[in-house]
Each structure stands twice: as C-alpha cells, then as structure tokens.
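Undergrad: Any chance you could fold what I've pasted below:
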Amino acid sequence: MKRTYSHIDLNERRKIARWRLSGLSVEMIAEKLGRHRSTIFREIKRNLFIDTAVPDLNGYYCVTEHDMARERRAKLRKLARFSHVRQLSRSVRSSCQRPRSGPTARRTAISRGGASRVGGRIS
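TA: Now for the predicted structure:
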C-alpha cells in the first residue's frame, strides 16, 4: 500500500496552537487533524519556544514554527542549490566504494571457480 505524506501547513499549525491553548490533549488534536499523535508530539517538541529570561513567553507559536520548519526544509536542499557541494558529495561517495580485494573478493572467486581451497587455505 502506498503511503501519502504531507508537511504540516500553517493552517494546521494555527489549529494546534489554538487547541493547545484551550487545553486539548495531543491525542484529541491528532484525531481532529487526522494525523498520528507522534506527529503532533514531534511538532510541538521541535517547535516549542522557550525563553529563560521571560518564562511567560514560553509556548508554541504557529507562525514562528512555520518559518522555522521552512528554514529546516531549505537547509536539506543544499545539494540541489550548490553544485560544488554536490560534486564533492559524489566524489566522496565514489571513493568510499569497497575495494575488490581481501576476504570478500576471495569468496567471490571461490564461488565462481577461480580459486580453490586446499587444506583450509585459499590457493
């Protein structure tokens, strides 16, 4: 079965903020939005604003959280934005390929008939 996935949008964040202020449980919020409760917990935890200087300002602010989420998604697209980073990533991945020598290559050679075992040793 194919899964569908969508980011939490600004309207849903507004609803979460409003329902949190009214005292609704995370389970009820998840049910109303049609999302899993872990998604709502993660959203609140990830985007909770905490101010140690003025604790009265602590909370979940939907517009601020929406901007933070957009910035996080933009950071993930560095490979698309910067060609030199993409090139570097490709070169690192290609240099990390496993060399064809050692025990794995010997086992492959044995299975293909290119080498044989004599007295527990590969010849």
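
Undergrad: Check the gap between residue 31 and residue 25 for me.
TA: 9 Å (CB to CB, to the nearest Å). From N, CA and C alone the C-beta is placed, and that goes for glycine too.

Undergrad: For residue 48, see how far away the nearest residue to residue 39 once chain neighbours are set aside is.
TA: Closest residue in space to residue 39, ignoring its immediate chain neighbours: residue 30 at 6.9 Å, by CB to CB, 6 or more residues apart in numbering. Going from residue 30 to residue 48 by CB to CB gives 17 Å.

Undergrad: of those two, who's got more company?
TA: Between residue 30 and residue 48, counted using other CB atoms under 10 Å, the more crowded position is residue 30 (19 against 12).

Undergrad: Does that one touch residue 42 like I think?
TA: No - applying CB atoms under 8 Å, one finds residue 30 not in contact with residue 42, separated by 10.9 Å.

Undergrad: The residue nearest to residue 39: which element?
TA: Element membership for residue 30, per DSSP states H and E: helix 26-33.

Undergrad: And that helix, what's buried?
TA: For helix 26-33, burial by neighbour count (16 or more other CB atoms under 10 Å) applies to 26, 29-30, 33.

Undergrad: Could you dump these into CSV with distance to residue 79 and pLDDT added?
TA: Output for these, formatted as CSV (distance: CB to CB, whole Å; pLDDT from 0 to 100):
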residue, distance to residue 79, pLDDT
26, 34, 94
29, 34, 95
30, 33, 95
33, 31, 94
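
Undergrad: ok, so of those residues, who is nearest residue 83?
TA: For the buried residues of helix 26-33, the residue nearest residue 83 by CB to CB is residue 33; the value is 38.9 Å.

Undergrad: got the contact list for the closest one?
TA: 12, 15-16, 40 (CB atoms under 8 Å, 6 or more residues apart in numbering).
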